[in-house]
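Participant: got a sequence here, can you model it:
(chains A, B and C)
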Amino acid sequence: MTTALGLALLCLAAPLAAAALSVVIPPLRQRGTPAAALTVLSSLMATVASLALLRIGPGPGAAARLTVPWMVVQGRALGEVGVRLDGVSMPMLAVVCLVALAVQVYSLEYLRSERPASYGRYFTYHALFLFSMNALVLAPELLQAFAGWELVGLLSYLLIGFHVERPAAGRAAVKAFWMTKLADMGFLIALLLLFVRTGSFGWDVALPQRTAEAIAALLFLAVMGKSAQFPLHVWLPDAMEGPTPVSALLHAATMVAAGVYLVVRVDPLFAQAPLTREGMLWVGTVTAAFTALLALVQTDLKRVLAYSTCSQLGFMVAALGAGSAFAAFFHLGTHAFFKALLFLAAGSVIHAVHSNELSAMGGLGRRMPVTTVTFAVGALSLAGVPPFAGFASKDTVLGALEGRAAWIPWTLLISTAFLTAFYMGRVLVRTFLGRPSEAAAHAHESGLVILGPLVALAIPAAAGGILGGWLARGLGTEFHLHLGLTPVAASLAGLGGLGVAFVVYGRGGEAPLAAKLAALDRYGAIDRTWTWLYRRALLPLSDGLRWVDRYLVDGLMNGLGWGTLKAGAVIRPLQTGRTRDYALAVVVGAILLLLLGGWR
Amino acid sequence: MTLRAFLLVAAFLFSVGIYGLLTRRHAVALLLSIEVMANAANLVFVAFARFGGAPGQPLVLFALAVTVAEVAVGLALVTLLYRRHGDALLDLASEAKG
Amino acid sequence: MTDELALLALSVILVGIPAIRVVRTGNLVRAVFWLALTLLGTAVLYALLQAPFLAGVQVLTYVGGVVTLMIFGVMVTRRHDSAVVAIDGRNRVRGALAAGAFFAVLGWAIVRTDLSDFTPATTPTTQALAHDLLDTYLLAFEVTSVLLLAAIICAVVLARRRDPELHPAHPTPSREEVSPR
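Facilitator: Coordinates of the predicted model:
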């Protein structure tokens, strides 16, 4: 086993060990700080290992594998589990570990006011999450990927509902869980189909076109759930009930990106499914545009960012639909950094004004300088202003669409880019400029432990575009910025959006948004549809199954017991205690034996 | 052929004894029926001894001795039954009733 | 053939009728005497079967010993308030059915079996019988004596009278008794 593979295993083993220790040794967890220390330490180890891998790991086009067979039946293994290092998994691993480390360090301060037992529980979940996400990223075959996928879904549920005393959090957690679980049926069926057709869970196989389309479409269904694409996007805004660091890590940078990562990972498979790709292009575009519109009318800072995440994920999915896994992957990486940064900075603001609402903010630029600057860096990157990282990756996405001459999606996404810049401009103005609100007047800058990760994340959020070339080579393609229609249009959209926002909102207050209120209506309709389905379809089905369990299954068991007792009561009178009756039995038996003997 | 006749007679005797075994209420009457059955069995042995079956007559003697022992013990039990209930009817000994 | 018929008729008279009387009479004492007749009839059949010694033993043991025992049994268990004990039971139908079925099956087996291997053989003399008892069957002979001894002891232990002064309601072992292991 080479050093590289050993480091990869470390990325799995360290967080798992931290989680396991916190689970089996309750005092570590219940006293809070020990579990936190374990988790952060394991994340640090994983981060260092992942960064080292970028240097010593396999070069472009090469891959390294270390696996063991899993579930050997009649000499054949069901699948392989272990690690796979290549130009796709190594960068993702580094991104995940870096963001996770930043978020965990940030959480040390952010959640300090929690009870020790809750604090410890939080960090245990984080360790388990990092392990699960790494298992997904490093998966050599789809079986392990599915396992990691489901595990991160579970951790998402646990972490969204972390504040157990808040009913809204519990509801949001359940909503997220069952919506993604529903979509995960696609993943499961795709796995079955793949195994039946090819006998393994690897993705580097040639398939007949119909099978490839089916598998790709089913996988995309799961991606729609996990990466919050229309119409399965409604769980993501509700997931903001979780603590802000959780929103940053899971619902911006990593878990929701897992869907996009999956498609990048199994690119050879999707390459054989052009129809599914066409569908993805449109779903991504529609998602991006629609959710950007919704972000415009949100009054809760975190919900703006949540819809923004849906929108950017739509960009990535559209890029995948256009056939450019690199574009999607690049945007995934930059988005992870700047969106996590935005969430963490938002957390800093929320912590200071004790509210999520934009109305509680204002004029914080003076009182919270570091937060303001880092937030601005993230916002500019998201808006796609050159030369920030977000511009580079967004440009690549749009360039992929241009390359395929998909003009309608291209136009829609350029407009969405404008909207993105516009709503971020709105947030910037209302939060950091203008007159402070009551709460904002008393705000003060956050501590070092919070600001540190902000600054750390701001660097790649700003300058990450440089790595485009290196990333592309790892994937076997190239990257270069050039002067052309797309970059110019994208830059104009970004700057223009910000400018208009400053103009519209600079005067303070909310601008009349008559047309946007119509969008609110549409949003309500989708959410209501899902709620209706849940109440009218899923719950009655569960009730029906419970009836079956109680009366049929349990009834069968109870019936057996009752039947035994009844049979005993019926047979008991045979024991009369009278000698003559027993003698009769003996005689009858003797007759039967004689007959038996005679028959032979 | 005469053997067959004797065997049939013995079978008949045995069946008569069975009827008594299943019908009689008084303990001593039951023992009498059992005696009839044992007698029938001995008849079979003697018949076979006459027609060349081994071991023949000595077996009859032993069977007889066993029967006598059984009668002795049986009557002792009947005595116990009588002492406990004041009467020797078999239905009185029904503690095995389930 | 006619031999057989004559034999069967004789048997019916000698043992069949008395046996039926044993199991059907309502009077216990009479039942005992019918048994005596049955046993006597059997002794006659033994004589016909070239087993004179056995016939003699039958008379001595059964008619003499066993019947006497039965008489004693009747006397001991007689209820003081009635002279004749009703001993008949219900369930006559099922008893008859069972007995009939038994006879049918057994009779059918006897009739259907090939008995041609069994030819009349010479029966031993009394001297030969005595010799066999103490030679070939010596072990069985000794074991039988032990069996009879055991039966005697058992009967004595079971039926002995407990001291009524000590425990009038429930007879308990006296101090000489050895507890069973």
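
Participant: got the domain ranges for chain C?
Facilitator: C:1-86, C:89-116, C:124-168 (automatic domain parsing).

Participant: please identify the deepest-packed of these.
Facilitator: Ranked by mean neighbour count, the domains of chain C are led by domain C:1-86 with a mean of 18 (mean count of other CB atoms under 10 Å in any protein chain shown). Every C-beta, even on glycine, is put in place using the N, C-alpha and C of the backbone.

Participant: was I right about residue A:393 contacting residue A:327?
Facilitator: Yes - if you go by CB atoms under 8 Å, residue A:393 and residue A:327 touch, sitting 7.4 Å apart.

Participant: rewinding a little: I'd like the domains of chain C as CSV, with distance to residue A:266 and mean pLDDT appended.
Facilitator: CSV is the format used below for those (distance: least, CB to CB, whole Å; pLDDT from 0 to 100):
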stretch, distance to residue A:266, mean pLDDT
domain C:1-86, 93, 83
domain C:89-116, 79, 85
domain C:124-168, 89, 84
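
Participant: the longest helix anywhere in chain B near chain C anywhere?
Facilitator: Longest helix of chain B, by residue count under DSSP state H: helix B:57-85. Yes - Helix B:57-85 reaches chain C (CB under 8 Å from any CB of the partner chain) through B:57-58, B:60-62, B:64-73, B:75-83.

Participant: quick check on those: which are buried?
Facilitator: Burial by neighbour count, judged by 16 or more other CB atoms under 10 Å in any protein chain shown, picks out B:57-58, B:60-62, B:64-65, B:67-73, B:75-82 from the residues of helix B:57-85 next to chain C.

Participant: can you tell me the centre-most residue of chain B?
Facilitator: Ranked by distance to the mean C-alpha position of chain B (CA atoms, centre = their mean), the top residue is residue B:34 at 2.6 Å.

Participant: can you pull the contacts of that one?
Facilitator: B:17, B:21, B:70, B:74 (CB atoms under 8 Å, 6 or more residues apart in numbering or on different chains).

Participant: so what's the backbone phi/psi at it?
Facilitator: Phi and psi for residue B:34, reported as degrees, to the nearest 10, are phi -60, psi -40.

Participant: which bits of chain C sit near chain A?
Facilitator: C:89, C:91, C:94-95, C:98-99, C:101-102, C:105-106, C:108-109, C:112.

Participant: which ones are touching the residue nearest to residue A:34 when sequence neighbours are not counted?
Facilitator: Sequence neighbours aside, residue A:28 is the residue nearest to residue A:34 in space, at 4.3 Å (criterion: CB to CB, 6 or more residues apart in numbering or on different chains). By CB under 8 Å, 6+ apart, the contact set of residue A:28 is A:21-22, A:34-35, A:38, A:120.

Participant: near the closest residue to residue B:59 other than its chain neighbours, how many other residues are there?
Facilitator: Leaving out its chain neighbours, the residue that sits closest to residue B:59 by CB to CB, 6+ apart is residue B:45, at 5.4 Å. Neighbours of residue B:45 under the rule other CB atoms under 10 Å in any protein chain shown: 23.

Participant: likewise for residue A:87?
Facilitator: Quick note: residue A:87 (other CB under 10 Å) scores 23 neighbours.

Participant: ok, now how distant is the residue lying closest to it once chain neighbours are set aside from residue A:271?
Facilitator: Excluding its sequence neighbours, the residue lying closest to residue A:87 (CB to CB, 6+ apart) is residue A:474, at 2.8 Å. Distance from residue A:474 to residue A:271, counting by CB to CB, to the nearest Å: 18 Å.

Participant: those two: who's more crowded?
Facilitator: residue A:474 (24 against 13).

Participant: OK, contacts around the more buried one?
Facilitator: Counting by CB under 8 Å, 6+ apart, residue A:474 has contacts A:60, A:86-88, A:90-91.

Participant: with residue B:14 instead?
Facilitator: Per CB under 8 Å, 6+ apart, neighbours of residue B:14: B:36-37, B:40-41, C:102-103, C:106.

Participant: now residue A:135
Facilitator: Neighbours of residue A:135 in contact, by CB under 8 Å, 6+ apart: A:12, A:144, A:147-148, A:151.

Participant: so which of the residues you listed comes closest to chain C?
Facilitator: Nearest to chain C among these: residue A:147, at 67.2 Å, using CB to the nearest CB.

Participant: per-residue pLDDT of residue 17, please?
Facilitator: Just so you know, I chose chain A. Looking at residue A:17, its pLDDT is 95.

Participant: nope, chain B please
Facilitator: pLDDT at residue B:17 comes out at 94.

Participant: which non-adjacent residue is nearest it?
Facilitator: Residue B:17 sits nearest to residue B:37 (CB to CB, 6+ apart), 3.4 Å away.
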